[in-house]
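Trainee: predicted model, plus sequence, below.
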Amino acid sequence: MMTMMGFKSVNLIYYALFLTILVNVNASIHHYNNEPFTHRSNAFFFHAGTEAIFSSSSSFIRFETMSFNRPRESVISYGQMQTHTGLVEAIILEVKDKNRIGGFYFNPKSDLICCTPDLAKEYNCNVGEVIIHNNPDNPDFPKRIKTFFRGISEVAHMDLQTVEINATGMYYLYFMFCDPNLKGTTVTGKTVWRNPNGYLPGKMAPLMTLYGFMSLAYLLLGLLWFLRFLQFWKEKDIIHVHLHYHITAVIALGMCEMALWYFEYANFNVTGSRPMGITIWAVTFTSVKKTLSRLLLLVVSMGYGVVRATLGAQGVAHRVVLLRVMHFVACETFELVEHLGNINDFSGKSKLLLLYFNATDPLSELWQIAWIIPAFWSLLSYTLLLVICVLWAPSRNPTSGHWLLLAINPIREIVYYLDSLGNDWTTYPDMKVLIDTVLQAFRAQRDIQTSRRGANSITWIKVACPQQRNQIDCGYFMLRFMRDTLALGRLKIPTDYFEEFKCAFYTKDQVDEIKEEWCQFKIELNVCS
């Protein structure tokens with residue numbers, strides 16, 4: 001019975017699959033500096049890299065300046081003239097051939113990785129070498145490259161050679177040895193992995209195209225939004241000003257994020273390495289944009305800018321800010337680990353946990369469509385932002401800021417109205433129908449003969465008033481007018497009353513203050529009556 005903790009050949013491959021997710025910093029040019037080997041089953045192995053490669057005459061894995069250093073104790077029993085005193089094997093295999101390493105195909109199935117004398121007698125394998133069952137559809141793989149220690153030398157140099165990739169797939173590279181005397185051996189050097197169009201791994205190549213397309217999409221959206229923003233920025237009320245600034249920031253961050261990722265991938269494709277500076281900037285822009293995007297969705301869902309002028313109590317706003325900070329920290333940490341993480345940074349328990357999920361996840365075999373997942377989230381985020389831009393686009397007369405005062409005489413069907421923004425009342429046909437419906441219902445309840453002409457029977461009389469410069473001043477004027485007319489009993493308003501409204505801008509706080517005074521008066525009036 002095979003267990004996760006057992007030293008099995010299949011578990012060895014699954015362990016390497018787990019490394020695929022985390023080791024992706026140096027990518028197509030892999031550097032090794034005295035890296036140790038790990039003991040599994042009866043073998044020692046070092047996972048040297050994993051990448052998706054497309055088949056082509058220009059696709060290859062090249063070994064450069066590779067050397068293996070064994071401890072001094074391991075050469076004591078050998079002589080100067082002995083030719084082969086230790087063997088290290090480089091093994092290249094495709095993910096679908098993971099079971100062809102070790103005794104998986106033996107009958108009965110064996111959990112050993114290296115050939116033993118007993119296995120050699122029964123299955124004709126070479127003692128002291130890794131057991132490999134070649135793929136009948138591609139006899140060259142899994143591929144084995146041998147490097148021998150000679151005499152009492154503590155260093156073995158691997159020959160410079162290039163392995164061409166003749167089949168598209170996800171490839172893994174291991175350095176392995178079976179001799180227990182080589183325990184403590186380390187590996188140093190460099191391997192180069194290349195695809196037909198550059199060094200960018202096959203799983204990441206579609207993302208470069210995606211980021212290029214998305215950066216242009218954000219640029220177009222930003223241009224249209226900026227032109228609209230400039231056209232109406234003087235006419236917006238304070239609620240939508242905050243939302244518009246927030247939306248502008250999200251668009252700008254999205255454009256910078258996608259552009260940085262595109263150039264980071266393009267540089268990676270040309271040089272074969274990922275400069276940490278560009279990657280950190282791209283990760284930071286991603287984290288900030290995600291934080292602001294989710295905050296924008298949160299406050300809009302809470303009604304801010306829709307039915308509410310503020311988020312409510314001060315404690316609610318503080319909790320929203322705290323949530324934003326926590327989200328940014330968590331997102332930044334996750335992105336840094338994903339793009340700059342190293343397997344050595346994780347504990348043994350973390351390795352086992354991630355090993356389980358990776359071993360049961362078929363994405364490593366479906367790498368050619370793995371780009372669809374990040375593409376889906378990028379397009380969804382862009383679509384939601386586009387919808388918000390359409391719904392909350394700057395406009396000349398947002399309904400949340402245009403204040404009107406109506407005085408209705410239901411008996412004579414006369415409506416007096418004050419419009420301090422100077423718009424023609426005929427531009428509001430829906431409001432005229434609504435007023436007519438209210439009047440007809442009122443007259444019907446009191447057995448007053450209703451008009452047969454509908455909304456056309458209403459007489460509209462405009463009351464002259466000073467014209468305001470924006471919606472905030474309009475709101476302040478209307479509320480102040482109602483308070484002074486009713487609360488202070490000014491049935492005949494003097495001429496100089498309007499003079500003070502011809503200049504000076506008012507703030508949202510002043511509007512809220514006068515609104516509270518008006519509401520308080522109405523409450524007291526109802527209580528007293």
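Mentor: The structure has been received and is ready for your questions. Numbers count the residues shown, from 1 in each chain.

Trainee: buried ones in stretch 162-172?
Mentor: Residues of stretch 162-172 classed as buried by neighbour count (16 or more other C-beta atoms under 10 Å): 163, 165, 167-172. No exception for glycine: its C-beta is placed from N, CA and C like everyone else's.

Trainee: which of these sits closest to Glu35?
Mentor: For the buried residues of stretch 162-172, the residue nearest Glu35 by C-beta to C-beta is Tyr172; the value is 15.6 Å.

Trainee: the closest residue to that closest one other than its chain neighbours: neighbour count?
Mentor: The shortest distance from Tyr172 to any non-neighbouring residue, by C-beta to C-beta, 6 or more residues apart in numbering, is to Thr50 (5.1 Å). For Thr50, the tally of surrounding residues (other C-beta atoms under 10 Å) stands at 25.

Trainee: gap between Thr50 and Asn138?
Mentor: 18 Å (C-beta to C-beta, to the nearest Å).

Trainee: per the record, what domains does the protein have?
Mentor: Following automatic domain parsing, one gets these domains for the chain: 9-194, 205-391, 405-528.

Trainee: in this structure Ala249 contacts Thr291, no?
Mentor: No. The criterion here is C-beta atoms under 8 Å, and Ala249 misses it with Thr291 at 10.7 Å.

Trainee: ok, the two, which is more surrounded?
Mentor: The neighbour count for Ala249 versus Thr291, taken as other C-beta under 10 Å, is higher for Thr291 (22 against 15).

Trainee: let's test this: mean pLDDT of the helix or strand harbouring that one, rounded?
Mentor: In this assignment (DSSP states H and E), Thr291 forms part of helix 276-301. Here helix 276-301 scores 80 as its mean pLDDT.

Trainee: mind checking how far that helix is from the chain centre?
Mentor: 8 Å (C-alpha atoms, centre = their mean, to the nearest Å).

Trainee: I'd like the next helix or strand past it.
Mentor: Next along the chain from helix 276-301, counting by DSSP H and E, comes helix 314-340.

Trainee: so for that next one, mean pLDDT?
Mentor: Helix 314-340 comes out at a mean pLDDT of 78.

Trainee: that one versus helix 276-301: what angle between them?
Mentor: 150 degrees (axes from the mean of the first three to the mean of the last three C-alpha atoms, to 10 degrees).

Trainee: now helix 314-340: buried residues?
Mentor: Here helix 314-340 shows 320, 327-328, 331-332, 335, 339 as buried, counting by 16+ other C-beta under 10 Å.

Trainee: between these, which is closest to Gly475?
Mentor: Looking across the buried residues of helix 314-340 and measuring by C-beta to C-beta, the closest to Gly475 is Val320, at 25.4 Å.

Trainee: hmm, Val299 and that closest one touching each other?
Mentor: Yes. Counting by C-beta under 8 Å, Val320 touches Val299, with 6.9 Å between them.

Trainee: what is the burial count for the spatially closest residue to Asn69 that is not a sequence neighbour?
Mentor: Closest residue to Asn69 apart from its sequence neighbours, by C-beta to C-beta, 6+ apart: Thr186 at 5.1 Å. Neighbour count of Thr186, defined by other C-beta under 10 Å: 16.

Trainee: neighbouring contacts of stretch 47-59?
Mentor: 15-17, 19-20, 23, 27-28, 30, 32, 61, 90, 164-175, 187, 191, 193-196, 201-203, 367-368 (C-beta atoms under 8 Å, 6 or more residues apart in numbering).

Trainee: check contacts around the nearest residue in space to Arg70 that is not next to it in sequence.
Mentor: Leaving aside its sequence neighbours, Arg70 sits nearest to Thr185 (C-beta to C-beta, 6+ apart; 4.5 Å). Contact analysis of Thr185 by C-beta under 8 Å, 6+ apart lists 37, 44, 68-71, 74, 88, 177.

Trainee: can you do 10 Å?
Mentor: Residues near Thr185 by C-beta atoms under 10 Å, 6 or more residues apart in numbering: 35-37, 44, 46, 68-71, 74, 86, 88, 149, 154, 156, 175, 177, 179.

Trainee: low-confidence stretches in the stretch 1-150 of the chain?
Mentor: 1-27 (pLDDT under 70).

Trainee: let's see 80
Mentor: 1-27, 79-81, 105, 107-108 (pLDDT under 80).

Trainee: follow-up on the earlier one: narrow the contacts of stretch 47-59 to those in strands?
Mentor: In strands, judged by DSSP state E, the following of the contacts of stretch 47-59 are found: 30, 32, 61, 90, 164, 169-175, 187, 191, 193-194.

Trainee: determine which two of those residues are furthest apart.
Mentor: Applying C-beta to C-beta across the ones in strands among the contacts of stretch 47-59, the maximum distance is between Gly169 and Val187, 24.0 Å.

Trainee: how about the buried residues of helix 314-340 in TSV, adding distance to Glu122?
Mentor: Shown next, in TSV, are the buried residues of helix 314-340 (distance: C-beta to C-beta, whole Å):
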residue	distance to Glu122
Val320	69
His327	59
Phe328	60
Cys331	55
Glu332	56
Glu335	51
His339	48
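
Trainee: ok, of those residues, which one's closest to Phe232?
Mentor: Using C-beta to C-beta, these come closest to Phe232 at Val320, 26.9 Å.

Trainee: any idea how far that closest one is from Ile280?
Mentor: For Val320, the distance to Ile280 - C-beta to C-beta - is 27 Å.

Trainee: with Glu332 instead?
Mentor: Taken as C-beta to C-beta, the span from Glu332 to Ile280 is 10 Å.

Trainee: same question for His157.
Mentor: For His157, the distance to Ile280 - C-beta to C-beta - is 36 Å.

Trainee: so these two - more neighbours on which side?
Mentor: Ile280 (15 against 12).

Trainee: quick one: Ala217 and Ala259 touch, right?
Mentor: No. Look at Ala217 against Ala259 with C-beta atoms under 10 Å: they stay out of range, at 11.4 Å.

Trainee: common neighbours of these two, please.
Mentor: With C-beta under 10 Å, 6+ apart, Ala217 and Ala259 have no common neighbours.

Trainee: Ile411: which of the ones in strands among the contacts of stretch 47-59 is nearest?
Mentor: Nearest to Ile411 among these, with distances taken as C-beta to C-beta, is Met170, at 83.7 Å.

Trainee: shaky segments in the stretch 401-529 of the chain?
Mentor: 401-413, 416-529.

Trainee: for the protein, what spans make up the helices?
Mentor: Remark: helices assigned in the chain by DSSP state H are 9-22, 117-123, 205-232, 238-271, 276-301, 314-340, 348-359, 372-391, 429-445, 471-482, 508-528.

Trainee: what sits against Cys145?
Mentor: For the record, residue 145 is Ile, not Cys. 63, 66, 88-92, 158-159, 161, 163, 173, 175 are the contacts of Ile145 under C-beta under 10 Å, 6+ apart.

Trainee: beta-bridge partners for it, please?
Mentor: Ala90 (DSSP bridges).

Trainee: quick revisit: of all the helices of the chain, which lies closest to Leu404?
Mentor: Nearest to Leu404, of the helices of the chain and by C-beta to C-beta, is helix 471-482 at 7.4 Å.
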